[in-house]
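Novice: everything below, folded, please.
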Amino acid sequence: MKDTKNYMQTLIGDMYDGVETNELVNSYMRTGEELILGCLFVRNYALLKSISNKFVYLTNHECASVCLLEIETVCVDYDESRNTKFSTVLYRYVYNELRAQNNMKTYNKRKINTDNTIKEDIDVLVELNKEPGMFDYYELELKSFLDSVKLTKNERRYCEIVASENSGITDTDIGHQLNITPQAIYSIKNRLKSKFGNMGGILIA
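Specialist: Predicted coordinates for the structure are as follows:
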């Protein structure tokens, strides 16, 4: 964690000195500038480190990776009109994700193999949706799979829309349906690739 902080600090220098957190979030959503995520990591390092210290089964690298991904998620989901501090939302997101990953490391081999099998079936389920009479079964299995993965509201809707439309819908169309920007769609796809790994290729191509 400290190495990541030092690296980020070297990259950003004093670039964002004096810029308020809300302004940084808005700027990231407009530009997608990844250095802003690094700045938010550095600014919230003490909080992120204190959360990471609670989960002994995760390496510093794993914790830092989760923190950066969740910072991006909070940027996408954050609504300053609710009068909630960015750090408060960040704490909840990071804590929940680190806890989930820490718990996953304690699962027995049988449970891990079962989860992997379910996740690897997502492409097959999408293909089943193309067959007459298979839609109800597919929807049930897709819902079960999506319930098993920690997803934001927009991440889940993205998966549901793409799965229901198959390859006939563009990211622009999805953005219109979700009322979000192309940059937000790009961020959603990156997070899904990180969460799903090599599976679910049709959903996040």
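Novice: got the contact list for residue 75?
Specialist: Residue 75 makes contact with 25, 28-29, 36-37, 40, 187, according to CB atoms under 8 Å, 6 or more residues apart in numbering. In this view, the C-beta of every residue, glycine as well, is placed from N, C-alpha and C.
Novice: and the two most separated of those residues?
Specialist: 40 and 187 (14.0 Å; CB to CB).
Novice: tell me which element residue 51 falls in.
Specialist: helix 45-52 (DSSP states H and E).
Novice: now do that helix: everything it contacts.
Specialist: For helix 45-52, contacts defined as CB under 8 Å, 6+ apart pick out 1-2, 5, 41, 58, 60, 63, 67, 87, 90-91, 94-95, 98.
Novice: what does the average pLDDT come to for the helix or strand hosting residue 75?
Specialist: Residue 75 belongs to helix 60-77 when assigned by DSSP H and E. Mean pLDDT, computed over helix 60-77, is 92.
Novice: now do it against helix 45-52, angle only.
Specialist: 120 degrees (axes from the mean of the first three to the mean of the last three CA atoms, to 10 degrees).
Novice: check the offset of helix 60-77 from the chain's centre.
Specialist: Relative to its parent chain, helix 60-77 has a centroid offset of 8 Å by CA atoms, centre = their mean, to the nearest Å.
Novice: go through that helix and flag the buried ones.
Specialist: 62-64, 66-76 (16 or more other CB atoms under 10 Å).
Novice: name the residues that touch the helix or strand just after it?
Specialist: Next in sequence after helix 60-77, counting helices and strands by DSSP H and E, comes helix 86-104. Under the contact criterion CB under 8 Å, 6+ apart, helix 86-104 has outside partners 21-22, 25, 40, 44, 47-48, 51-52, 54-58, 62-63, 66-67, 69-71, 73-74, 77-78, 80, 112, 150.
Novice: CA atoms only: put the helix holding residue 75 into CSV for me.
Specialist: Written as CSV, here are the backbone C-alpha positions of helix 60-77 (Å, rounded to 0.1, in the frame of the first residue of the first chain):
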residue,chain,number,x,y,z
ASN,A,60,-0.7,-5.1,0.0
HIS,A,61,-0.8,-5.3,-3.8
GLU,A,62,-4.3,-6.8,-3.7
CYS,A,63,-5.5,-4.2,-1.2
ALA,A,64,-4.1,-1.3,-3.3
SER,A,65,-5.7,-2.7,-6.5
VAL,A,66,-9.1,-3.0,-4.8
CYS,A,67,-8.8,0.5,-3.4
LEU,A,68,-8.1,2.0,-6.8
LEU,A,69,-11.0,0.1,-8.4
GLU,A,70,-13.4,1.2,-5.7
ILE,A,71,-12.2,4.8,-5.9
GLU,A,72,-13.3,4.7,-9.5
THR,A,73,-16.6,3.1,-8.6
VAL,A,74,-17.3,5.8,-6.0
CYS,A,75,-16.5,8.5,-8.6
VAL,A,76,-19.1,7.0,-10.9
ASP,A,77,-21.8,6.5,-8.2
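Novice: lovely, talk soon.
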